[in-house]
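J.: got a predicted structure plus its sequence, pasted below:
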Amino acid sequence: MIFGQDHLLGIEPLHPDEIRSLLDLADRYAEQNRSGQRPDPVLAGLTQINMFFENSTRTQASFELAGKRLGADVMNMGVATSSVKKGETLIDTALTLNAMRPDLLVVRHGSSGAVNLLASKVNCAVLNAGDGRHEHPTQALLDALTIRRAKGRLHRLTVAICGDIAHSRVARSNIHLLGKMENRVRLIGPPTLLPPGAVDWGVEVFDDMAEGLAGADVVMMLRLQKERMDGGFIPSEREYFHRFGLDAEKLAKARDDAIVMHPGPMNRGVEIDGTIADDINRSVIQEQVEMGVAVRMAAMDLLARNLKARNTPRRVMV
Ligand code: NCD
């Protein structure tokens, strides 16, 4: 098993073999979860603290479930009710938590880079559950596992990532991961929602859905992140849906067996037609949620192994 990391801060620092190892383990957890079999409590005796400075449904719930399934003591820090609201800085909060000696710290924060900064101040394994528009590594890993299970491989696929790329940490982590595994990545969106410099990321860029979706194996839709916009990015939601929302007509341009993905939460009728999202023959959105638990189990299991290996006092041979 190859996984040499102390933290999971992003996809960018990972080696393709580390990604493969994590996905293989997650696949086994996914099967165990399906069969209802109880996994070995590999996190027993360890403390996991979830600290979410931004709203979350799926990510927080699945990190909690993943930790509990593997036997960890899991605590959710209610950031809304904590001293963070009284003006305590991120670092002070982190140092306070660190004094409680957690083993795993799961953090979501609105500022890009905040989680990396925090990881440098604490002595436990830190998992990035999304930082600003920077990275969301476990989302890209669960997307990768979903694709690998649906398509039977995770290389030489054409993956179209569509919509609000500029504000999306999901897009960034997916671009890194899919590129490392040698897939063709296309970004499709209005020029206002494509980050400047995207053409230098080794991707193809389109502002027309029909052109960008032609022959795609995977169609990944993104939410319009209105909370990160300060106005003026799109003319109107109606117009946006007309040009960039995924409906049956646009999906017909992709391969007949193309799968449809969305990280959630979805704006039905804005970036995706509700009927497509619910079409179990095309949409793997529910599988993505299911794989989220398995991927987070695998990530915490691997980090805990490295933590234990690091903390084991070395025997000195004389
Ligand atoms: C994403 C996020 O928070 O970055 N959601 C998620 O984790 N499933 C995407 C989004 O908010 O649109």
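T.: In hand now; what should we look at? Since the model is a prediction, treat every value here as computed from it, not as a measurement.
J.: max-length helix in the chain?
T.: Counting by DSSP state H, the longest helix found in the chain is helix 285-311.
J.: name the helices or strands packed onto that helix?
T.: Applying 3 or more CB pairs under 8 Å, 6 or more residues apart in numbering; DSSP states H and E, we find helix 285-311 packed against helix 16-35, helix 58-69, strand 104-109, strand 125-131, helix 137-151, strand 259-261. (Each C-beta comes from the backbone N, C-alpha and C, glycine too.)
J.: any chance of the ones you listed in CSV, with mean neighbour count too?
T.: Rendered in CSV, the data for the helices and strands packed on helix 285-311 read as follows (neighbours: other CB atoms under 10 Å):
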stretch, mean neighbour count
helix 16-35, 18
helix 58-69, 20
strand 104-109, 25
strand 125-131, 25
helix 137-151, 25
strand 259-261, 22
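J.: I'd like the ones you listed laid out as TSV, including distance to residue 161 and mean pLDDT.
T.: Compiled in TSV, the helices and strands packed on helix 285-311 are given as follows (distance: least, CB to CB, whole Å; pLDDT from 0 to 100):
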stretch	distance to residue 161	mean pLDDT
helix 16-35	18	98
helix 58-69	19	97
strand 104-109	21	95
strand 125-131	16	97
helix 137-151	10	98
strand 259-261	9	98
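J.: what strand or helix carries the residue of the chain found nearest the ligand?
T.: Per CB to the nearest ligand atom, residue 223 is where the chain lies closest to the ligand, at 3.5 Å. Secondary structure from DSSP states H and E places residue 223 outside every helix and strand.
J.: roughly how far does it sit from residue 277?
T.: 12 Å (CB to CB, to the nearest Å).
J.: need the overlap of contacts for the two.
T.: Common contacts of residue 223 and residue 277 (CB atoms under 8 Å, 6 or more residues apart in numbering): 262, 266.
J.: which residues of the stretch 101-250 of the chain lie near the ligand?
T.: The stretch 101-250 of the chain has residues 130, 136, 139, 169-170, 223, 225 near the ligand, with proximity defined as CB under 6 Å from any ligand atom.
J.: skipping adjacent residues, who's closest to residue 145 in space?
T.: Spatial nearest neighbour of residue 145, chain neighbours left out: residue 291 (4.6 Å); criterion: CB to CB, 6 or more residues apart in numbering.
J.: let me know how buried the one you found is, in neighbour terms.
T.: 27 (other CB atoms under 10 Å).
J.: how about the one 5 residues further on?
T.: Around residue 296 there are 28 other residues, counting by other CB under 10 Å.
J.: and for residue 93?
T.: Residues lying near residue 93 (other CB under 10 Å) number 18.
J.: list the beta-bridge partners for the closest residue to residue 261 other than its chain neighbours.
T.: Spatially, and ignoring its direct neighbours in sequence, residue 261 is nearest to residue 220 (4.5 Å; CB to CB, 6+ apart). Beta-bridge pairing for residue 220 (DSSP bridges): residue 161, residue 261.
J.: correct me if wrong: residue 220 contacts residue 164.
T.: No: counting by CB atoms under 8 Å, residue 220 stays clear of residue 164, with 11.9 Å between them.
J.: now residue 176: closest residue in space that isn't a chain neighbour?
T.: In space, and not counting its chain neighbours, residue 176 is closest to residue 11: 4.1 Å by CB to CB, 6+ apart.
J.: hang on, isn't residue 276 packed against residue 250?
T.: No: using CB under 8 Å, residue 276 is not in contact with residue 250, being 9.2 Å away.
J.: the inter-axis angle of the lowest-mean-pLDDT helix or strand in the chain versus strand 104-109?
T.: Least confident helix or strand of the chain, by mean pLDDT, DSSP states H and E, is helix 90-99 with a mean of 84. Angle, helix 90-99 to strand 104-109, by axes from the mean of the first three to the mean of the last three CA atoms, to 10 degrees: 160 degrees.
J.: what residues does helix 90-99 touch?
T.: Defining contact as CB under 8 Å, 6+ apart, one finds that helix 90-99 is touched by 49, 51, 53, 77, 82-84, 88, 105, 109, 114, 117-118, 121-124.
J.: just how off-centre is it within its chain?
T.: For helix 90-99, the separation from the chain centroid amounts to 24 Å (computed by CA atoms, centre = their mean, to the nearest Å).
J.: what of stretch 55-63?
T.: Relative to the centre of its chain, stretch 55-63 is centred 11 Å away, using CA atoms, centre = their mean.
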